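Visitor: Need coordinates for the following:
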Amino acid sequence: MCFAGLVFAVDVNRGRLRILKETAKLHQLDGVVTTVHADLRVLTDGEALKSNKVLLDAPCSGLGVLSKRADLRWNRKLEDMEDLKKLQDELLDAAAKLVKPGGVLVYSTCSIDPEENEERVAAFLLRHAEFRIDPVDRFVPPDFVTDGGFYFSNPVKHSLDGSFAARLVRAS
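Guide: Got it, this is the predicted structure:
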């Protein structure tokens, strides 16, 4: 089976991009993956390259991975969470600019906090009527699908890291 396409990976962290480049080369995908060192919010200020699929793996509190990152429990303040939610909203708005009509935007976090997940998606949809939720039940087992049609893994229930993903489709 042969797939065709390009992946543009945008991140403000040069170290993560370096690791991605090395991994792509190791798997002989270095011609497919292009890394871009930039803040997505600034990158989309001009005429943005439109894509069929955009994944926003958003910075988050990490509340779904506390078993691996116990230090996160003691390093969070209320004002940090407010700043984080604002950043998530700004990144979602920027990512939306990259999606072609009929294209898909996936918003993903490693958090189990509804404020970072369902509430961010609800706020996004209020700002972007051109998007709608596309339920994930065709892609993941039913045990991981919420009533709202999102992907959600619960560390206690599923014995996995906690995570969330929403599949959003832009009108054609």
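Visitor: Just the CA coordinates for stretch 108-128, please, in CSV.
Guide: Taking Å, rounded to 0.1, in the frame of the first residue of the first chain, the C-alpha atoms of stretch 108-128 are listed here in CSV:
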residue,chain,number,x,y,z
SER,A,108,-5.9,16.7,21.0
THR,A,109,-4.6,17.0,24.6
CYS,A,110,-3.1,14.7,27.2
SER,A,111,-5.5,16.1,29.8
ILE,A,112,-8.7,14.7,31.4
ASP,A,113,-9.9,18.2,32.4
PRO,A,114,-13.2,19.2,30.6
GLU,A,115,-12.0,22.9,30.7
GLU,A,116,-9.2,22.0,28.4
ASN,A,117,-11.2,19.6,26.3
GLU,A,118,-15.0,19.8,25.7
GLU,A,119,-15.1,23.4,26.9
ARG,A,120,-12.4,24.5,24.5
VAL,A,121,-14.2,22.7,21.6
ALA,A,122,-17.5,24.3,22.6
ALA,A,123,-15.9,27.8,22.7
PHE,A,124,-14.2,27.2,19.4
LEU,A,125,-17.5,26.2,17.7
LEU,A,126,-19.1,29.4,19.0
ARG,A,127,-16.3,31.4,17.3
HIS,A,128,-16.2,29.2,14.1
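Visitor: any idea how far it is from the chain center?
Guide: 10 Å (CA atoms, centre = their mean, to the nearest Å).
Visitor: For Asp83, what is the enclosing helix or strand?
Guide: helix 78-96 (DSSP states H and E).
Visitor: Buried ones in that helix, by neighbour count?
Guide: Met81, Leu84, Lys85, Gln88, Asp89, Leu91, Leu92, Ala94, Ala95, Ala96 (16 or more other CB atoms under 10 Å). (C-beta placed from N, C-alpha, C; glycine too.)
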